[in-house]
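[1] make a model of this:
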Amino acid sequence: MTAFAALLLSAWAAWRAIRDRPVILRQLIASGLVEAFLLGTAVAAGVTQARGNLPGDPLVLWGYLLTALFILPVAGVWAFADRTRTSSVALVVAGVTVAIMMWRSLQVAGL
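    Numbers count the residues shown, from 1 in each chain. Next up, the predicted model:
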């Protein structure tokens, strides 16, 4: 779910980048929604780990989750500060990165 939402956000940002447009407020709100999904995934991983049912390497999983939690806010700050096409490109890269990290987290821990 989180990876799919991040890919949708990336597609929207790519469409804006192709049209040579900067990120708009609605895209930043959507990135906040993806960030909320990321927090939900982190909470689910914490609960699963507390129950002792977390397969795979917890250190790798938490590395992916915590890094993914920082990527979108950094891209959002960049997009807010830079009002050019580059902000849309930064959001594309951030969204794809988060999607790949969440896909990898699913492989590592089966969340």
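
[2] pLDDT weak spots in the protein?
    110-111 (pLDDT under 70).

[3] can you give me the strands in it?
    Using DSSP state E, no strands are assigned anywhere in the chain.

[4] closest to the centroid, which residue in it?
    Val98 (3.6 Å; CA atoms, centre = their mean).

[5] quick one, what contacts the nearest residue to it once chain neighbours are set aside?
    In space, Val98 comes closest to Ala6 once its chain neighbours are excluded; the distance is 4.2 Å by CB to CB, 6 or more residues apart in numbering. Yep, even glycine has a C-beta here, placed from its N, CA and C like the rest. By CB atoms under 8 Å, 6 or more residues apart in numbering, the contact set of Ala6 is 34, 95-96, 98-99, 102.

[6] do I have it right that Leu91 meets Ala13?
    Yes: look at Leu91 against Ala13 with CB atoms under 8 Å: they come within range, at 3.9 Å.

[7] hang on, the earlier thing: pull out the buried residues from the contacts of Ala6.
    Those of those that meet the buried threshold are 34, 95-96, 98-99, 102, by 16 or more other CB atoms under 10 Å.

[8] for those, which one is nearest Thr67?
    Nearest to Thr67 out of the buried ones among the contacts of Ala6 is Val98 (CB to CB; 9.3 Å).

[9] list the contacts for the closest residue to Val96 other than its chain neighbours?
    Leaving aside its sequence neighbours, Val96 sits nearest to Ser10 (CB to CB, 6+ apart; 5.0 Å). Counting by CB under 8 Å, 6+ apart, Ser10 touches 91-92, 94-96, 99.

[10] understood, closing this out.
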